[in-house]
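Colleague: Sequence unavailable; structure follows:
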């Protein structure tokens, strides 16, 4: 058989030279892969550009002149057509004994055969799926046996195209499949969709139909495809969709804030409660880092704490703490916040559930409770102070009256006018003290907590008059350096009680062998008034007793009439008015108490 006749019978011929580096390729081969004319002589490496990449290893093997092919050998190889599609060739290879060429390659185009095999492969891969194709030349349909089962029919005569379409449920499903089939024929477009379907026995089903046209020179030569009964799958899908909708309803209507984030902190989902709270849309937060969303922008520290919490949760730890987030008005609201890793059955956590519950009302209630506790404590202090004023202050007035009575009883003479005056004054001060006790009750049961302006000069003058008899019996000298009209803000009864306690202590703890000297001084500094009571008495060892001097029931001198309550009450009275008290003392030298109160 001559070479010219051979080339007419095959779809291409190659001749490989003895060196293995040059090929002669005939025109028939080039036309078979879509090229009208190409060079007939070319290097072996140049032919590789036309070979489908998965078959390059095969082409290298059959072009290797080091190997010997004495008997004819066949190989299936794909080449790339000029239009970009594959062309399948069966290549017959054999070494020849010629002076010029080492090996011949005869090419047979088997693309049509492969196309049919491809269709049947689809059917075989999906044996439970019915396969079909329509030959557009005569409109005949081919069905696999599974197609008959899907249609509820015995294997036998295949229906026509129109009859096959009528198995699709009348209405949207039938209209859609007819439209998609027509579009595939006219425009060469694949289709795949789910349809309602009624088989030959009247059973309603769901099927998934897939069609693919085979086009040639712009015309549809064939349409092939599959049909699969997906009724069970569709029922599960519908149930899943219902479950999803129910979940969304619960997820979005829950009182709590809920969200899903990945292990890197990206927001995947947020419920309506969370977005509505901040006046946001879901698109404002989905896809963003959780710490960059609006809720957390009230402080840098807040964002950093959240980042660290997400890192811990991503390691599998449940994280919970009280957090402050912004509402839509940029007002900070406290929430009980938690991050829970989702257990996916492996060591790595990829999903976190973020939850938040507003506890601002609880926080406010706790603050109100704390205020109530403080107020109750203050009221208890008031009761203790009240008892002190009744026992201590009234006792001061009673002692003064008792001293006056003692002076009267020891004298045979007519009652002197100064004694009458002191007795009358002590009685008046006793009445005033009782009135002040009533004022204490009124002030500390009032919600306003307002203070009065109190003339400190007059209060010291009144206190000295109250204990004038005690001063006389002690033969004490009292000096006062207080500007007139110097006022402090506070409770009048407290100020009187403080002065009486400090002054009577100065008298009580005087030296018996030395005249008692008391110096009272006051001055204003800014918004404060500092007044001091200094004596030259026996003093206090502050190294031993300094930490206890204002303690309740603490005494330091062994006096039988010492109760250890006076300085404790005095300190509490001063602090309840926003003031402070301090002490300086040396044994056998004297003591100075300094009180700071708000200026009036």
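Modeller: Here it is on my side, so go on. Note that the structure is a prediction, hence the values are computed from the model and not measured.
Colleague: From residue 46, how far off is residue 63?
Modeller: Distance of residue 63 to residue 46, computed by Cβ to Cβ, to the nearest Å: 12 Å. Quick note: C-beta positions are derived from backbone N, CA and C, even for glycine.
Colleague: same thing with residue 570?
Modeller: Distance, residue 570 to residue 46, using Cβ to Cβ: 111 Å.
Colleague: more neighbours, residue 63 and residue 46?
Modeller: Between residue 63 and residue 46, counting by other Cβ atoms under 10 Å, residue 63 is the more crowded of the two (20 against 12).
Colleague: For the closest residue to the more buried one other than its chain neighbours, list the residues it contacts.
Modeller: Nearest residue to residue 63, sequence neighbours excluded (Cβ to Cβ, 6 or more residues apart in numbering): residue 44, at 5.5 Å. Neighbour list for residue 44: 16, 20-23, 63 [criterion: Cβ atoms under 8 Å, 6 or more residues apart in numbering].
Colleague: Derive a ChimeraX selection command for the buried subset of these.
Modeller: This is how ChimeraX selects the buried members of these, with burial counted by 16 or more other Cβ atoms under 10 Å:
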select :16,23,63
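Colleague: any idea which of the contacts of residue 44 is the one closest to residue 325?
Modeller: For the contacts of residue 44, the minimum distance to residue 325 (Cβ to Cβ) is 71.1 Å, reached by residue 63.
Colleague: in what helix or strand does residue 209 lie?
Modeller: strand 204-216 (DSSP states H and E).
Colleague: Give me the mean pLDDT for that strand.
Modeller: Confidence for strand 204-216, expressed as mean pLDDT, is 93.
Colleague: Just name whatever secondary elements the helix or strand immediately after it in the chain is in contact with.
Modeller: Going down the chain from strand 204-216, the next helix or strand is strand 219-229, by DSSP H and E. Packing partners of strand 219-229 (3 or more Cβ pairs under 8 Å, 6 or more residues apart in numbering; DSSP states H and E): helix 111-125, strand 130-135, helix 145-150, helix 172-187, strand 204-216.
Colleague: Please tabulate these in JSON lines, including the columns mean neighbour count and distance to residue 349.
Modeller: Formatted as JSON lines, these follow (neighbours: other Cβ atoms under 10 Å; distance: least, Cβ to Cβ, whole Å):
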{"stretch": "helix 111-125", "mean neighbour count": "14", "distance to residue 349": "37"}
{"stretch": "strand 130-135", "mean neighbour count": "21", "distance to residue 349": "44"}
{"stretch": "helix 145-150", "mean neighbour count": "18", "distance to residue 349": "44"}
{"stretch": "helix 172-187", "mean neighbour count": "16", "distance to residue 349": "43"}
{"stretch": "strand 204-216", "mean neighbour count": "18", "distance to residue 349": "36"}
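Colleague: So for the helix or strand residue 363 falls within, mean pLDDT?
Modeller: In this assignment (DSSP H and E), residue 363 forms part of helix 360-388. For helix 360-388, the mean per-residue pLDDT is 72.
Colleague: Offset the numbering so it begins at 41, please.
Modeller: Got it, first residue is 41 now, which makes that one helix 400-428.
Colleague: Tell me the secondary structure at the residue nearest to residue 145 when sequence neighbours are not counted.
Modeller: For residue 145, ignoring the flanking residues on the chain, the nearest one in space by Cβ to Cβ, 6+ apart is residue 54 at 3.7 Å. Three-state call for residue 54 (DSSP: H, G, I helix; E, B strand; the rest coil): strand.
Colleague: Angles on the backbone of the residue nearest to residue 103, please.
Modeller: With angles defined as degrees, to the nearest 10, residue 84 sits at phi -60, psi -40.
Colleague: any weak-confidence spans in the stretch 491-640 of the chain?
Modeller: Applying pLDDT under 70 to the stretch 491-640 of the chain flags residues 591-605.
Colleague: Could you rerun that using 80?
Modeller: Applying pLDDT under 80 to the stretch 491-640 of the chain picks out residues 584-588, 590-606, 608-609.
Colleague: And the strands in it?
Modeller: All strands of the stretch 491-640 of the chain, identified by DSSP state E, counting those that start in this stretch, fall at 492-495, 517-521, 527-530, 557-565, 568-575, 620-626, 630-638.
Colleague: of the ones you listed, which approaches residue 204 most closely?
Modeller: strand 630-638 (99.4 Å).
Colleague: Make JSON lines out of the helices and strands packed on strand 259-269 and add distance to residue 72.
Modeller: What follows is the helices and strands packed on strand 259-269, written out as JSON lines (distance: least, Cβ to Cβ, whole Å):
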{"stretch": "helix 151-165", "distance to residue 72": "9"}
{"stretch": "strand 170-175", "distance to residue 72": "25"}
{"stretch": "helix 185-190", "distance to residue 72": "35"}
{"stretch": "helix 212-227", "distance to residue 72": "28"}
{"stretch": "strand 244-256", "distance to residue 72": "15"}
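Colleague: How much space separates residue 500 from residue 520?
Modeller: Residue 500 is 6 Å from residue 520, by Cβ to Cβ.
Colleague: list the residues that contact both of those two?
Modeller: residue 560.
Colleague: who has more neighbours, these two?
Modeller: Legend: neighbour count by other Cβ under 10 Å for residue 500 and residue 520, higher for residue 500 (22 against 13).
Colleague: need the contact list for that one.
Modeller: By Cβ under 8 Å, 6+ apart, residue 500 lies in contact with 520, 522, 539, 560, 562, 571.
Colleague: closest to residue 338 among these?
Modeller: Using Cβ to Cβ, the shortest approach to residue 338 within these belongs to residue 571, at 46.5 Å.
Colleague: I figured that closest one hits residue 523, correct?
Modeller: No: assessed by Cβ atoms under 8 Å, residue 571 is found out of contact with residue 523, at 10.8 Å.
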